[in-house]
Each structure stands twice: as structure tokens, then as C-alpha cells.
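Chemist: Please work out how this folds:
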Amino acid sequence: MLRKSTCSWSNFLEATLQSRSEKTVATIILQLDPARLSNPDLDIRYVLPDLLIANSSGGLSDDGYDYGGDGPAPHLFIFLRTDEPHAAVGVVVDFLKSERVLENDLSEVLVAVEDGDHFRVVHPPGFSGMFHRPRRGIDE
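Modeler: Predicted coordinates:
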């Protein structure tokens, strides 16, 4: 299933947080397309979450990975959990824009936030393409 992003991540998160009185736990999803990586080394599924968690001062935790999408090389989805979505999305996006991981420029990696029934692409800014929804969670 595919979704289009129609709002900024801060607006989406603000609306989501205002609609809830309890502490919000959100999942941040990174979609990596191996065809767009200069070094499509599968070790990135472990290295990238570890680096993001280390840079988050405890604001992120690893929530696994999955594969999905169409074509001969499936996309890699990395899942991160947070109870501070505003801060965590900022950490993730800033890191992706400024660091190379296993020789890969990740500045245009798609980042989405899933919180309950909501699912929105929050990076890159102005994204209007398609984000392949991962299989994980659909059958659980």
C-alpha cells in the first residue's frame, strides 16, 4: 500500500499529540532503496539504527527492520520507537542530512512517522512521491 505526504512533519506531529492526553509512543520508519545507495551493504540495517540511537541521548530505541516494495531489490525499512516524536524526528533528519553511513549519502532517505492509524512521510521536505508501506504490522 502506498501513501502520499500532504503535510509537514511538525504539523502532523502537533496534531497527533494534541489529540492525545496520554504519553505518545510513535514509530519512525526509514525507507532505504538499495538502488539509490552507493554502497548497498546490508550491514546498514544494524549500523544505522545504532548510530541514530547513540545520537538521540536515549530518545530512540531499535524496533527492528523489514523488507518490502516492488522490483528485484526490495526496500529496507528500519523501525525506531520513541516517546518524544518531535525531538526524535529532528535527530533522525539532522543525522541523515549530515552523516554518511557505510559510504552512503542518506540525506534523501524517506522518513515516515506511524502513530496508531496515522502514517506520514516527514522527510524529505515537500515529498510528493510514494512511500511503500512496510508489511510489518499489517498482519500482526
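Chemist: buried sites along the longest helix seen in the chain?
Modeler: When every helix of the chain is counted residue by residue (DSSP state H), the longest turns out to be helix 85-98. Taking 16 or more other C-beta atoms under 10 Å as the basis for neighbour counts, the residues of helix 85-98 that come out buried are 85, 86, 88, 89, 91, 92, 93, 95, 96. To be clear about C-beta, it is placed using only N, CA and C from the backbone, and glycine gets the same treatment.
Chemist: any idea which of those is least confident?
Modeler: The lowest pLDDT within the buried residues of helix 85-98 belongs to residue 86, with 86.
Chemist: and the gap between that one and residue 109?
Modeler: Distance of residue 86 to residue 109, computed by C-beta to C-beta, to the nearest Å: 19 Å.
Chemist: mean confidence for the helix or strand where residue 51 lies?
Modeler: Following DSSP states H and E, one finds residue 51 within helix 44-55. Per-region confidence: helix 44-55 scores 96 on mean pLDDT.
Chemist: so where do the strands sit in the chain?
Modeler: 2-3, 26-32, 61-68, 75-82, 100-101, 104-105, 110-115, 118-123, 131-132 (DSSP state E).
Chemist: Tell me which of those strands lies nearest to residue 39.
Modeler: When the strands of the chain are compared for distance to residue 39 using C-beta to C-beta, the nearest one is strand 104-105, at 5.5 Å.
Chemist: Out of the helices and strands in the protein, which is least certain?
Modeler: The helix or strand of the chain with the lowest confidence, counting by mean pLDDT, DSSP states H and E, is strand 2-3 at a mean of 36.
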